[in-house]
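Novice: Model the structure of this input:
(2 chains)
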Amino acid sequence: MSNPHDRHMTRPSSAPPRAVPTLPVLAEAASDTAMPRLPTTVVSSWKGGVWKTCLSASIAERLAFAGMDVLYLVTDDQLDARRRLGVSESDPDVARVQRGSGTVTVVGLAGPHAIDVLYRSGPARFGRFDTIIVDTPPVKKGGALPGVLLLAPTDGDDASANLIRMLRATPANSEIVLVRIERVPKAEWARDAGTIGEASNRAESIAYLPDPLPRTNEVREALGRGQSIWTLPRRGATLDLLRGVESLAGLAWSRARPEAALPALGVSSASSPHIHGWDDGA
Amino acid sequence: MLDPARARAEADAAERRGGGTLWRDGPVEWEAVSVGVVVQPEVVPVVDGAGARERPVIAAVPRRAPRPESQEVPTALLAAILARLEMAPAAASAGVPGWLMEAIGNPLCYDAAAPHRKDVCARVDPALYRRLQAMKERLGLRTTAGAWEYVLRAGLAAGERACAGA
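Specialist: Here you go, the predicted model:
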């Protein structure tokens, strides 16, 4: 561990060369350069109740609607993610659901097994996938996965200190996007995002979703009964939430398919366009 | 309304799952794990014209104005310089070398608030900073920046002279 005051110190030019890095330093470097076997998006915050599972499940579904086969890794043993996808407790441990022309395969795994799937043996034992979405419990290490897109939701001041501590531990090769849950003025959120970025020492590499995402009763109730939020009427605050999740899904999409934009909802990248009013029986 | 039978069944199933190979420590018995396709009614998303226009929108986090550079000033050296300079303005007659007085110049000529100055945040011992402020008062300087320049001119001249002689 380096001396925190080192950055304030001016090193004399005649200083002797630095000692060969010790093993722990090398280990940190390796962790900072590791990449998952497939493009991976992690939703994590060191706080509960910030709609991590809502975001991760909805992003996984959105990518499937666009034609992707998504592996949805859940490392939270509450396994609410299964219910969000309409998967019951009696369904198999590794459950695959169809969404449009794509699929979401949800599997709950203890942390070490998830690391094995992400970075070592890969996900092939569960099938072939385009991308991986990871839902984490509210723990600090949720933000410590290298080489991923880290979506970090927060719902206010009381969560920010823990969020900052989590982001300080996020490897440099992971991209971070801050997401504000609960409506606040955009200017206030912009200011807070800047503060979090600077306090995390990651201002250069952190982005944020400018529009706070509202929590609506309509969405909350849909989640409770395992109904996809993408089937909700697109209106009011629900539409605002859907648009925000759409943006986040677009980021997850671009990690796997940087050459093309996320197809519009109802359009699969692998099939003919979905025609509203005809394809959905409306 | 909670369905008691369903609630109990779900809790039992969750406990069984939590004790399964995917959640236990140690190697996973992968042969016991298979992928099951869940048959559900088709999930049809609601689409509208806005969907086609929605594209990823994120922004870089806003940043405050660049913070001044922060540097630890070697306080021992600074203390020594201050000790010498606190003798000013009678310094010339108090044994301060001419080359040092020349390097310092007349602080009253450069103590104005000057926009060309670079903001620097110096982390120094509080007692030392109080001495700097006291010296500013004694010399009648208009700004703390002027006092810093006074000290830095002296320190740099001494340092450069020391380096040249090394």
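Novice: Does residue A:192 touch residue A:179 like I think?
Specialist: No: judged on C-beta atoms under 8 Å, residue A:192 makes no contact with residue A:179 at a distance of 11.8 Å. In this view, the C-beta of every residue, glycine as well, is placed from N, C-alpha and C.
Novice: Of these two, which one has the most company?
Specialist: residue A:179 (27 against 21; other C-beta atoms under 10 Å in any protein chain shown).
Novice: Which residues are in contact with that one?
Specialist: A:55, A:151-154, A:208-209, A:213, A:244, A:248 (C-beta atoms under 8 Å, 6 or more residues apart in numbering or on different chains).
Novice: In a markdown table: the residues you listed, plus pLDDT and distance to residue A:219.
Specialist: Output for these, formatted as a markdown table (pLDDT from 0 to 100; distance: C-beta to C-beta, whole Å):
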| residue | pLDDT | distance to residue A:219 |
| --- | --- | --- |
| A:55 | 94 | 11 |
| A:151 | 94 | 17 |
| A:152 | 93 | 20 |
| A:153 | 93 | 14 |
| A:154 | 91 | 18 |
| A:208 | 89 | 21 |
| A:209 | 91 | 16 |
| A:213 | 93 | 10 |
| A:244 | 92 | 11 |
| A:248 | 93 | 15 |
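Novice: of those, list those near chain B.
Specialist: A:208-209, A:248 (C-beta under 8 Å from any C-beta of the partner chain).
Novice: Just those residues: which are in strands?
Specialist: If you go by DSSP state E, the ones next to chain B among the contacts of residue A:179 have residue A:208 in strands.
Novice: can you put the ones next to chain B among the contacts of residue A:179 in JSON lines and add distance to residue A:39 and neighbour count?
Specialist: Below are the ones next to chain B among the contacts of residue A:179 laid out as JSON lines (distance: C-beta to C-beta, whole Å; neighbours: other C-beta atoms under 10 Å in any protein chain shown):
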{"residue": "A:208", "distance to residue A:39": "21", "neighbour count": "25"}
{"residue": "A:209", "distance to residue A:39": "19", "neighbour count": "23"}
{"residue": "A:248", "distance to residue A:39": "14", "neighbour count": "26"}
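Novice: mind putting the ones next to chain B among the contacts of residue A:179 in JSON lines, distance to residue B:137 included?
Specialist: Shown next, in JSON lines, are the ones next to chain B among the contacts of residue A:179 (distance: C-beta to C-beta, whole Å):
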{"residue": "A:208", "distance to residue B:137": "47"}
{"residue": "A:209", "distance to residue B:137": "52"}
{"residue": "A:248", "distance to residue B:137": "58"}
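Novice: Can you show me the strands along chain A?
Specialist: Assigned strands in chain A, in chain order: A:40-43, A:69-74, A:94-99, A:102-108, A:131-135, A:149-154, A:175-180, A:206-208 (criterion: DSSP E).
Novice: export these to CSV and tack on distance to residue B:162?
Specialist: Output for the strands of chain A, formatted as CSV (distance: least, C-beta to C-beta, whole Å):
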stretch, distance to residue B:162
strand A:40-43, 54
strand A:69-74, 61
strand A:94-99, 71
strand A:102-108, 67
strand A:131-135, 58
strand A:149-154, 50
strand A:175-180, 46
strand A:206-208, 44
